[in-house]
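1. coordinates only, sequence not included:
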């Protein structure tokens, strides 16, 4: 830390810790704002559409598993394909499901069923 001209190790350590805490709280704040924005978009501009599960996959990364499905849906005569987490593994290929989609931002969605 050349830009911090001090020889006191305690001050440098404390400054680093405070910087780390500030970055952590900023990141959490941004994630909360994103959740609020998505909820507001679905509340004000949400439309319920039917989707079709095209693909269901599970991938293993080290000790973690990634369960997801690929869903196709149509909104305003335009087709969209999204990868959606399926942690409960409750869907199979070919299943139909209901989605709430934001008409302003079709990438913002919520699985209803």
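-> Happy to help now that I have it. From a predicted model like this one, the values you see are computed outputs, not experimental measurements. Numbers count the residues shown, from 1 in each chain.
2. after the longest strand seen in the chain, next one along is what?
-> With secondary structure taken from DSSP state E, the chain has its longest strand at strand 46-61. Heading C-terminal from strand 46-61, the first helix or strand you meet, by DSSP states H and E, is strand 64-75.
3. What pairs with the helix or strand just after that next one, parallel or antiparallel?
-> On the C-terminal side of strand 64-75, the closest following helix or strand by DSSP H and E is strand 78-85. Neighbouring strands of strand 78-85 in its sheet, by DSSP bridges, are strand 64-75 (antiparallel).
4. got the angle for the partner strand vs strand 46-61?
-> Angle, strand 64-75 to strand 46-61, by axes from the mean of the first three to the mean of the last three C-alpha atoms, to 10 degrees: 150 degrees.
5. Show me which residues of strand 64-75 are buried.
-> The neighbour-count check on strand 64-75 (16 or more other C-beta atoms under 10 Å) flags 68-71, 73 as buried. For every residue, glycine as well, the C-beta is placed using N, CA and C.
6. tell me the two of these that are most distant?
-> 68 and 73 (15.6 Å; C-beta to C-beta).
7. Now do whichever strand or helix holds residue 98 and strand 64-75, the angle between them.
-> Per DSSP H and E: residue 98 is located in strand 96-102. Angle, strand 96-102 to strand 64-75, by the same axes, to 10 degrees: 80 degrees.
8. buried ones in strand 96-102?
-> Those would be 97, 99-102, for strand 96-102 by 16+ other C-beta under 10 Å.
9. Beyond it, next helix or strand please.
-> strand 109-111.
10. strand partners of that following strand, parallel vs antiparallel please.
-> Here, using DSSP bridges, strand 109-111 pairs with strand 96-102 (antiparallel).
11. Could you tell me how far the partner strand lies from the centre of the chain?
-> Chain-centre distance of strand 96-102: 16 Å, with C-alpha atoms, centre = their mean, to the nearest Å.
12. picking that back up, and the strand holding residue 98, average pLDDT?
-> Per-residue pLDDT values over strand 96-102 give a mean of 92.
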